[in-house]
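Novice: Build me a structure from this.
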Amino acid sequence: MNIKKTFYEQLASDLGCTVDDIASEKNIFTCSKKLEGARTCNWHEISKLNLICINSKIVARSEEPEIINWLRENYTSFKGEWLSEYGDLRKLDEGLKQFDICIGNLQPFFVPGEKKIEPDYNVLKDIELKWYNQEEILQFKGDRRFEHAINFDKSAPDVIAVTAQRNGEVLAMAAANADSKRLWQMGIDVIPEYKGYGLGTTMVILLKNKIMKMDILPYYGTAVSHIQSQMIAVKSGFVPGWMELCTMPANKSK
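Specialist: The predicted structure follows:
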C-alpha cells in the first residue's frame, strides 16, 4: 500500500480538491459541496468549514462562498504550520464569527509510518485477546469504559475491535470505525488500573497491522494536548499526517 497516496486521495475527497493540491506548498481554498467518498465522522457532518494543515500550508473547504472568499483574502500568504498558535487561532475564531460559526475542534491525525512495528507479546502474558466484528461490537453499547474506542455513530460504524481480557475482565479495547472506504479511524481505551504498562500501545499495534492486511489504511486522531495518546501513536508506528480544524455554530459555544 502506498500510504501517502492513499491518505492524500482521501483528503482530496474530503476537501473538494486534487491530490496535487494536497501535495503542494500553496494554500488552497475550495468552495464545493461535500463529495461522495468524503469522511463521515461527526465533526465533518456539522462543520461549515473543514480546514487542514499539511505540508506547511492550509487547505480549506466550505459550501459557502463568503467564508472561502474571506479566507482567501486573509490567509493566502499565511504559513499553515503556525495555525495552532493561540494568537492565530483566536484571530481565526473571531473572524469566523461574522459567519455565525466558530472553531469547534482542532486535532492532529497520525498515519502509519513506513516501518512495520510488531507488538510486544510480553505485555500480553496471561492475557486473552478477543476479536469482534461489526455486529459483535454492539454488545458494548452504553459501556462508557470504551467511549474513545467505539462511538456507535451510524454514519461511521464501528467495524472491528479487539479486547485484552484476564479472567473474563476486559482490560483494554482498541477499535476502528469506517468513516470512509479508504481510511478507518482508530481509538483505544485502557481501564485505569492497567495504564502505564504498554497495553494500549500493544493493542493499537495489533489492530493497526490487522487493518493494513485488509488493504485499508488505519489512522489515529487525538487532542493537541493529549501527549500520552500521541506517544501511543508514535510508539505504535504512526507518524504525524495532518492537523484538522472543524467548526460549530457560534451560538452553541456560549
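Novice: Going by C-alpha atoms from here, please, whenever you check contacts or count neighbours.
Specialist: Noted.
Novice: which residues touch L71?
Specialist: Applying C-alpha atoms under 8 Å, 6 or more residues apart in numbering to L71 gives the contacts F29.
Novice: Apologies, that question was intended for E25.
Specialist: Applying C-alpha under 8 Å, 6+ apart, the residues near E25 are 55-57.
Novice: likewise N151?
Specialist: Here N151 is in contact with 157-158 (criterion: C-alpha under 8 Å, 6+ apart).
Novice: Could you do A233 as well?
Specialist: Contacts for A233 (C-alpha under 8 Å, 6+ apart) come out as 110, 201, 204, 220, 239.
Novice: Give me the phi and psi angles of A233.
Specialist: With angles defined as degrees, to the nearest 10, A233 sits at phi -60, psi -50.
Novice: before we move on, the earlier item: if we only consider the contacts of E25, which is nearest to I211?
Specialist: Checking the contacts of E25 against I211 with C-alpha to C-alpha, the nearest one is N55 at 26.1 Å.
Novice: What is the neighbour count of the closest one?
Specialist: N55: 18 surrounding residues under other C-alpha atoms under 10 Å.
Novice: can you list the domains in the protein?
Specialist: Domain ranges of the chain: 3-110+243-253, 121-236, per automatic domain parsing.
Novice: Throw those domains into TSV and include mean pLDDT, thanks.
Specialist: Below are the domains of the chain laid out as TSV (pLDDT from 0 to 100):
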stretch	mean pLDDT
domain 3-110+243-253	94
domain 121-236	94
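Novice: got the contacts of E25 as CSV, with secondary structure and distance to G16 columns?
Specialist: Converted to CSV, those look like this (DSSP: H, G, I helix; E, B strand; the rest coil; distance: C-alpha to C-alpha, whole Å):
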residue, secondary structure, distance to G16
N55, coil, 17
S56, coil, 19
K57, strand, 16
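Novice: any idea which of those residues is closest to I188?
Specialist: For those, the minimum distance to I188 (C-alpha to C-alpha) is 27.5 Å, reached by N55.
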